[in-house]
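In: Following is a predicted model, sequence given first.
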Amino acid sequence: MKDSLKDFIDTNREAFDNRVPSEKVWKGIQNDFPKTSIWNNLTLWRAAAIIMFGVSGWLFFANKPVEILNRKETAQLQGEFNNLEKYYADQIAEKVEWISDSRDTFADDQFAQDFKKLDAMFQVLREQMKTNPTEQVKDALVLNMLVRIDLLNQQIQKLEESKREVRAGKDTSI
């Protein structure tokens, strides 16, 4: 059966190729197709791709001058931080020296451990400031230095209170 159909088509091929379906047939075929939505519109996707390409190109080329500005801002940010670091580092060094002169050692107490942790965090933040300077890193570094100064002030206050107690004890025993 398959061979007879194939033979019929082969012998009458020209008759099949010469005939064009009527408009009525094409309209029926067209009605059978699913309706296309706006999302299936090829022109819409092409326009979206062109717009996306244009925006991407603009963002790429628009960021070049921003990098130059960022370099200037980075240099300014690092300069500000260097000034702040020098100021606070001098205060910290002065307070550490005063505490070291007042006590034999503070290596084993909670104060020393907290101070070492803050110093280690400061070193990590400082490295980050060198590699990726931002306002947030600068603020974190300044906050770290302020917390260390506050911790040192608390320790100085404790030492002064203990000295007063020792003096008061000596005064009452005389």
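Out: All right, it came through fine. Numbers count the residues shown, from 1 in each chain.
In: Number of residues surrounding I9?
Out: I9 is flanked by 11 other residues according to other C-beta atoms under 10 Å. (C-beta placed from N, C-alpha, C; glycine too.)
In: need the next SSE after the helix or strand hosting it, C-terminal direction.
Out: For I9, the host element (DSSP states H and E) is helix 2-11. Next helix or strand after helix 2-11 toward the C-terminus (DSSP H and E): helix 13-18.
In: That following helix: how far from the chain's middle?
Out: Taking C-alpha atoms, centre = their mean, to the nearest Å, the mean C-alpha location of helix 13-18 is offset from the chain mean by 69 Å.
In: Can you list the neighbours in contact with that helix?
Out: I9 (C-beta atoms under 8 Å, 6 or more residues apart in numbering).
In: measure Q123 to Q154 for me?
Out: The spacing between Q123 and Q154, counted by C-beta to C-beta, to the nearest Å, is 22 Å.
In: now this structure, which segments are flagged as low pLDDT?
Out: Scanning the chain for pLDDT under 70 picks out 1-2, 34-40, 60-70, 103-108, 171-174.
In: longest single helix anywhere in it?
Out: helix 42-102 (DSSP state H).
In: what helices or strands is it leaning on?
Out: For helix 42-102, the elements it packs on are helix 135-173, judged by 3 or more C-beta pairs under 8 Å, 6 or more residues apart in numbering; DSSP states H and E.
In: Off-centre distance for the helix it packs on?
Out: On C-alpha atoms, centre = their mean, the centre of helix 135-173 falls 35 Å from the chain's centre.
In: Helix 42-102 and that helix, what's the angle between them?
Out: On the basis of axes from the mean of the first three to the mean of the last three C-alpha atoms, to 10 degrees, helix 135-173 is oriented at 20 degrees to helix 42-102.
In: and helix 135-173, what other elements does it pack with?
Out: helix 42-102, helix 110-131.
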